[in-house]
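got a predicted structure here, sequence first:
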Amino acid sequence: MDYFERNYHIVSQRMIQQMENSIILGRKLIDTELDTGILNFLIKPIVKAFYDYWSSHDVRSGTLKQIKLTLNSGKELLQIENSQANFDKILNRYLQSYLEADQTTRQCNRDHKNYERITQVAKETFINYLKEVVVLLSVKEDVKDYIDLSRVAFKSKEIAKQNLLKQLNFTERGIRIVEEDPSILKVPVGRKIILKALRRGFEITKKEFIKALNDTYNEK
């Protein structure tokens, strides 16, 4: 296995694990929100059924497709030449497929006034992911896991932190757009509950990612 394949496997497994962790956390937070409302027992079965179906089908399949698209795009770029012209060519080739698999855009109403803003965030997310993946896939040094790979790819904690905060900012923007007007969501009931869980999940994940960053660079 050459370094491309090794790095591809390491990053892929990391992304898949993050996806699984997010799905589990989301279910727990949905349960918590449903248990706190006085009248939530009326919609509890519907919201739970929606989340369970969504997480088992749309989320998993869509996110796995996005992971594969991003990694394959990065690998393809490195196998030709990592120039701006080639980057733009590959971006344009795979962007639509990435957006079609994106859970934010899939769960939002295309006719809503804010849909284009959501789509723009998803596009910027893909661009940022692709740039980061190219750096990770390029590592030729001997590495054993994602922590090793990150340390080599991003030479300092500051560089890694900038990348992380940029990605978190895209997620924050997407959540804020939905919070501004929850009617953009396609879900028939429980929008407020889902939004509360989404916001709490983001804050928890943000803290976990920053802690993981500090651990990677051996800082408390």
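Okay, I see it.

going forward, measure contacts and count neighbours with C-alpha atoms only.
OK.

any idea how many residues pack against Tyr129?
17 (other Cα atoms under 10 Å).

now the longest helix seen in the chain, how far from the chain's geometric center?
In the chain, assigned by DSSP state H, the helix with the most residues is helix 3-36. In terms of Cα atoms, centre = their mean, to the nearest Å, the centre of helix 3-36 is set 9 Å apart from its chain centre.

and that helix, average pLDDT?
Averaging pLDDT along helix 3-36 yields 82.

what helices or strands is that helix leaning on?
helix 44-54, helix 60-80, helix 115-137, helix 146-153, helix 191-216 (3 or more Cα pairs under 8 Å, 6 or more residues apart in numbering; DSSP states H and E).

let's see that with 7 Å instead.
helix 115-137, helix 191-216 (3 or more Cα pairs under 7 Å, 6 or more residues apart in numbering; DSSP states H and E).

most tightly surrounded among those helices?
Most buried of the helices and strands packed on helix 3-36 by mean neighbour count (mean count of other Cα atoms under 10 Å) is helix 115-137; its value is a mean of 18.

so, low pLDDT: which residues of this structure?
1, 30-57, 188-189, 219-220 (pLDDT under 70).

number of nearby residues for the nearest residue to Asn128 once chain neighbours are set aside?
Sequence neighbours aside, Gln167 is the residue nearest to Asn128 in space, at 7.2 Å (criterion: Cα to Cα, 6 or more residues apart in numbering). Applying other Cα under 10 Å, we find 16 residues neighbouring Gln167.

check the gap between Gln167 and Ile193 for me.
Distance of Gln167 to Ile193, computed by Cα to Cα, to the nearest Å: 24 Å.

equivalent analysis for Gln66, please.
26 Å.

can you check Glu5 too?
Glu5 is 41 Å from Ile193, by Cα to Cα.
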